[in-house]
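Asks: Starting from these lines, generate the structure:
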Amino acid sequence: MFDPLRGQLLDAARAFGGDSGEDGVARLLAALVDDVDRALAEELEIFPVCHHSPASALAMARRLREKRPKVVYLEMCEDFAPLLAELKNCRLPVALQSFANELDGFPKKWAPLSVVAPITEASAEYQAIAYAQETAGVELVLVDRSTDHVYQWDLRDEDASGAEANAVPDAVPAPSGGVGADDEDALHGDAVGVEIGDLRPGFAELEEHLLHHGKVRHWSEWWDQYVEQPLTGADYATYRQVMTLIGSLFRRLDPHSRNLRRNELRERHMWTRMREHIAATGADPADCLYVCGASHAVSRVDEFGLHPEKRDGPDGSAEPFEIAPRTATKWRYGLIPSSHSAIEAQFGLASGSVSIAAATFAKAVKRGGVKPFRLKGQRGVSAAGKKKAAAAPPVDAAATDRLSGFLSSPPALDPLDESELLGWCVDIVGLARRNGYLASTADAIAVFETSILLAGMRGRTRPTPYDFQDAAVTCIEKDRVPGRRDVTRLCEILLGGDRVGQVGYESLPPLARDVLDRLEPLGLDLQKRTVQRALLNLDADPDLRSCSDLLWVLRRLLPDDAVRPIMGARELGERSIQESWDLAIGRNQRSLVELGYEGVTAEQVLERRLRRAVYDPKATAAAALRAVEDAVVYLGAQRFADELGARAVELLAAERTVDDAPEVLRRIRRLLAHYRATEPELPHWCREFVTAGYTHYCTLLPTAFVDDDTGVRQVAAMLGFLLGMESLALSLGCERAQLELAVRQSHPESPAKIALLWAAKSQLGMMPLADVRARCDELLASPLSIPSFPHYLSGFVQALDPAPSLAPLVVEVLSKAFGRLPDRMLLPWLPKLITTLKDHAREMVPVLVHEAARTFPGSLPALDAWTPSWSESAEAPGVGGAAPSVASGPVTDLLAGQPGACDAVASLLGHPVEWRPAAGTGEGGGEASALVARHPAAPGAVAALRVR
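Replies: Next up, the predicted model:
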């Protein structure tokens, strides 16, 4: 049938190349014709399509009404079949999804696995699905590999090549959301996308050549101009032959052997499934239709066709293709919302191309040339055109050569539709003004003329939406974007907008329906994509407490913008009286659907996640304590919290580093305070955690002091745990000798850790505070130690947590530094002090400031007359001379009269026994006695007053 065309192409190859017909170009052209001839001659009718193509959707609708097939084989993952019945409850576009987070047979680092297949109204697959579901006696069979095989073949190729495989042909990973990414662009998350009919040159030079000579910027624009527009109104025979030719061209020019190997595996799988189905059901191939990508229509695999030509078997039959069994991975299936921009971002299409394709499909339907299929009762699907579709005469798609005429004749140019273009220009100016642009009628005229000019430069008389978009950007977009949207985005909104789909309530998983039902008392339509404010007065309406509990659980599980508290908090031992929430659950419907893959209720999902987190091989004690806190705050499950706490004890005992010591200290303090306030006694796991932590940190303390990889903050947290919980640990059976021995064995070298060691010894009574003060004075007196003094000070500030009694000393040392150091040393030293405190002791600086405020006077006159206490103590006997006197009183008299008890305690603690006279005995008498002696009338007046 195509012999004349084959001859013309060979003659053209000889004329332009001067070759004999045996060179690569001539063989390629002949092979293209052979591929088309072979595909059309197949007994099972093959319908080639391109994904999200309005021409494919229109041709599919025409062919289904002409042929009325009883069996439709569709290139789509075979395990998606149960989801197709739920499409009628959704507003397109939506995506079929398979999801797995518990892997068995795949590398654990791949988790979670997710595969999506977007469905739009302007697509051939939707027409096939709608026809099969709305026509009695029609069976729809999905024949592509399962989602499990998508990753199986990816793993096989990775093992064969030794490289990490991130994507597969017709399975595209979603781009990561960067800065400025819209919410609609990320509706698919990080799922792998599967599409039907990826028609794009794999040969980069060919794509560059087509874009350059077509005078377009993006492949989607070239495809729309040279393929979509000519084929939109073409008959089925022409469409089928041209689409098959394009598929053959792009398949043969794809240099990636990996793509070819993947395509061939899929094709062998699909033909095997179709032959199995025909053999099992006895279906007549004449009543069947095979819908696949155009590149798969010209497959050269051995299994191609219902009667494969190649005979390799011993009995003359083709060797059967064995389909590997699926792994033990548990896949969950559901529907998630999609959008035009998400599809464009997933498959690398030009921005706005899917919206333009939808507008092209709607315009063709409105003209009445075809009546598309649609699911009954589906929301958001446009109705068929008012004009009745003319009944097309039956066409034998393989009877005549329509390809020669299509290739030899120039494309018909559409006449200029001035009214349509004028409407676009007026509307874009109005939309631009509403978004902050200073656009006027003159800009509308300029856009109109520029659109016609650009169309003429690109060889067409009727401006396309791409021409109009370029003209609008040129004429309206000035030096800056005044609002949130630029002109390109405004053009997309004008030409159809970024349509966002929605999964209907009936098609949601049980968890999502449970969430919507339990939040119904709020009186909000949570399926809307807008942000809605919910106000909860929990005292006035106690029934809303269940809604509040669920919202806090969703806050923990969903993205931050899905459930955001404006007023109110949920912490350990804290409950709000009133709460205010911003809810955007409808906008985050995909996340809610994916929660449904993990459990039946939100609380069950949270429990499973917490348990999985603490039993993860990389789990830490800090993560386990956080899980305990979440279990108490969000679930109120004490038994579950005890289980997680027991796991935290095991993790702490097994840790060999102290990197998480600050977080461990902060969380265990908070939990202990909560249990002491709410429970009669501490849980068993808390007592074990304190004793295990005491022993654990005592063991690691000497190593942490000398290890350069262990920071000052971590050592301070260890000391905070040991000193702050010492009394509790000792009451539970620990020995203080462990801590004293660990401190004595510690010999740090860095200044900050040396200061921490001094603080610990002072707190334990192993170093008097006077010695610490004297050593600090020595550091300030030595010019060699001045540069490192900020590090000593940062260590002291960090020590305020385990040893809060050092706060006056730190203020004193810092004051001495500012008072004694000359400016030539102080000024270079001051920036280093500030940066050191900021980096290493930021949370303790407020404590230091509070102590300074308590120490220094609050007014300037008082400051001038004020004498620091440490200056008096420097001359007082307590530092270098006699000890200060002790106040007199009944207690002092009792102890002085019975000195044996005090002597025994002092001997037990290892202190020398020194007795000093009490105030009021001897000659001194103290300041109070001297005052009373000078004014004897005052005590007499007070006594007389009391007698009355």
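Asks: element containing the residue nearest to Leu572 when sequence neighbours are not counted?
Replies: Taking C-beta to C-beta, 6 or more residues apart in numbering as the measure, Leu572 lies nearest to His674, with 4.2 Å between them; neighbours along the chain are not counted. C-beta: built from backbone N, CA, C; applies to glycine. In the assignment (DSSP states H and E), His674 maps to helix 661-678.
Asks: and that helix, which residues are buried?
Replies: Within helix 661-678, the residues scored as buried using 16 or more other C-beta atoms under 10 Å are Ala661, Pro662, Glu663, Val664, Leu665, Arg666, Arg667, Ile668, Leu671, Leu672, His674, Tyr675.
Asks: do the same with stretch 649-663
Replies: Applying a neighbour-count criterion of 16+ other C-beta under 10 Å, one finds Val649, Leu651, Leu652, Glu655, Val658, Asp660, Ala661, Pro662, Glu663 buried in stretch 649-663.
Asks: re earlier: for the buried residues of helix 661-678, give me CSV that also has pLDDT and distance to Val370.
Replies: Formatted as CSV, the entries for the buried residues of helix 661-678 read as follows, by pLDDT from 0 to 100; distance: C-beta to C-beta, whole Å:
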residue, pLDDT, distance to Val370
Ala661, 91, 70
Pro662, 90, 68
Glu663, 92, 64
Val664, 93, 68
Leu665, 92, 71
Arg666, 92, 67
Arg667, 93, 65
Ile668, 93, 70
Leu671, 93, 67
Leu672, 93, 73
His674, 92, 68
Tyr675, 92, 71
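Asks: which one of those sits closest to Gly940?
Replies: When these are ranked by distance to Gly940 (C-beta to C-beta), Leu672 comes first, at 54.9 Å.
Asks: In contact with the nearest residue to that closest one once chain neighbours are set aside, which residues?
Replies: Of all residues beyond its chain neighbours, the one nearest Leu672 is Cys686 (6.3 Å), with distances taken as C-beta to C-beta, 6+ apart. Applying C-beta atoms under 8 Å, 6 or more residues apart in numbering, one finds that Cys686 lies in contact with Gly645, Ile668, Leu671, Leu672, Tyr675.
Asks: my guess is Cys686 is in a strand, correct?
Replies: No: read with DSSP: H, G, I helix; E, B strand; the rest coil, Cys686 is helix and lies in no strand.
Asks: what's the distance between it and Gln152?
Replies: Distance of Cys686 to Gln152, computed by C-beta to C-beta, to the nearest Å: 47 Å.
Asks: try Ala534
Replies: Per C-beta to C-beta, Ala534 is found 45 Å from Gln152.
Asks: Same check on Leu92?
Replies: Look at Leu92 and Gln152: by C-beta to C-beta, they are 30 Å apart.
Asks: With neighbour numbers in mind, choose between those two.
Replies: Neighbour totals were compared for Leu92 and Gln152, and Leu92 leads with 26 against 20 (other C-beta atoms under 10 Å).
Asks: close enough to count as contact, the more buried one and Gly501?
Replies: Yes: between Leu92 and Gly501 a contact is recorded at 5.3 Å, counting by C-beta atoms under 8 Å.
Asks: So in this protein, which helix runs the longest?
Replies: In the chain, assigned by DSSP state H, the helix with the most residues is helix 257-281.
Asks: next helix or strand past that one?
Replies: Scanning forward in sequence from helix 257-281, with DSSP H and E defining helices and strands, the next element found is strand 288-293.
Asks: starting at the chain centroid, how far to that following strand?
Replies: The chain centre lies 37 Å from the centre of strand 288-293; the measure is C-alpha atoms, centre = their mean, to the nearest Å.
Asks: what does that strand rub up against?
Replies: 44-51, 60, 63-64, 67, 69-75, 124-125, 128, 170, 196-199, 247, 270, 274, 278.
Asks: Try it again at 6 Å.
Replies: Strand 288-293 is contacted by residues 44-47, 69, 71-75, 128, 196-197 when judged by C-beta atoms under 6 Å, 6 or more residues apart in numbering.
Asks: on that earlier part again, so the longest helix of the chain versus strand 288-293, what angle?
Replies: Orientation of helix 257-281 against strand 288-293 (axes from the mean of the first three to the mean of the last three C-alpha atoms, to 10 degrees) gives an angle of 160 degrees.
Asks: Check which helices and strands helix 257-281 sits against.
Replies: Judged by 3 or more C-beta pairs under 6 Å, 6 or more residues apart in numbering; DSSP states H and E, helix 257-281 is in contact with strand 139-144.
Asks: on contacts alone, who are the packing partners of the strand it packs on?
Replies: The contact analysis (3+ C-beta pairs under 6 Å, 6+ apart) places strand 139-144 against strand 71-77, helix 257-281.
Asks: Name the residues of that strand that come out as buried.
Replies: For strand 139-144, the neighbour count (16+ other C-beta under 10 Å) marks Leu140, Val141, Leu142, Val143, Asp144 as buried.
Asks: do the same with stretch 105-120
Replies: By neighbour count on 16+ other C-beta under 10 Å, the buried set for stretch 105-120 is Phe106, Leu113, Ser114, Val115, Val116, Ala117, Pro118, Ile119, Thr120.
Asks: And the last one, how far from Arg499?
Replies: Okay, so that is Thr120. For Thr120 relative to Arg499 (C-beta to C-beta), the value is 8 Å.
Asks: Kindly report the same for the fourth one.
Replies: Val115 sits 22 Å away from Arg499 when distances are taken as C-beta to C-beta.
Asks: do the fifth one as well
Replies: Val116 sits 17 Å away from Arg499, going by C-beta to C-beta.
Asks: and if you look at the first one?
Replies: Taking C-beta to C-beta as the measure, Phe106 and Arg499 are separated by 34 Å.
Asks: you'd agree Ala717 is up against Pro662?
Replies: Yes: counting by C-beta atoms under 6 Å, Ala717 touches Pro662, with 4.2 Å between them.
Asks: for the helix or strand Asp517 falls within, which positions count as buried?
Replies: Secondary structure from DSSP H and E places Asp517 in helix 510-518. Within helix 510-518, the residues scored as buried using 16+ other C-beta under 10 Å are Leu511, Ala512, Asp514, Val515, Leu516, Arg518.
Asks: okay, the second one: pLDDT?
Replies: To tie it back to what came earlier, the one meant is Ala512. With respect to pLDDT, Ala512 has a value of 90.
Asks: mind listing what it touches?
Replies: Taking C-beta under 6 Å, 6+ apart as the criterion, Ala512 is in contact with Leu592, Val593, Gly596.
Asks: What distance do you get for it to Leu558?
Replies: From Ala512 across to Leu558, the span is 11 Å (C-beta to C-beta).
Asks: And for the last one?
Replies: Relative to Leu558, Arg518 is positioned 14 Å away (criterion: C-beta to C-beta).
Asks: cool, the fourth one as well?
Replies: Val515 sits 10 Å away from Leu558, taking C-beta to C-beta as the criterion.
Asks: Report pLDDT for Lys761.
Replies: According to the predicted model, the pLDDT of Lys761 comes to 91.
Asks: Next, count neighbours for it.
Replies: One way to gauge burial is a neighbour count; for Lys761, by other C-beta under 10 Å, it gives 19.
Asks: now do Glu749
Replies: The number of residues packed around Glu749, counting by other C-beta under 10 Å, is 9.
Asks: which one is it nearest to, not counting chain neighbours?
Replies: Closest residue to Glu749 apart from its sequence neighbours, by C-beta to C-beta, 6+ apart: Val706 at 6.8 Å.
Asks: per-residue confidence for that neighbour?
Replies: The predicted local confidence for Val706 is 91.
Asks: again, but for Asp79
Replies: The predicted local confidence for Asp79 comes out at a pLDDT of 90.
Asks: Quick check: nearest residue in space to it, chain neighbours excluded?
Replies: Of all residues beyond its chain neighbours, the one nearest Asp79 is Ser146 (4.5 Å), with distances taken as C-beta to C-beta, 6+ apart.
Asks: same check, this time on Asp582
Replies: Distances taken as C-beta to C-beta, 6+ apart put Arg564 closest to Asp582, at 4.5 Å, once the chain neighbours are dropped.
Asks: Direction included, what does whichever helix or strand the one you found is part of pair against?
Replies: Using DSSP H and E, Arg564 maps to strand 563-567. Based on DSSP bridges, the strands next to strand 563-567 in the sheet, each with its direction, are strand 578-583 (antiparallel).
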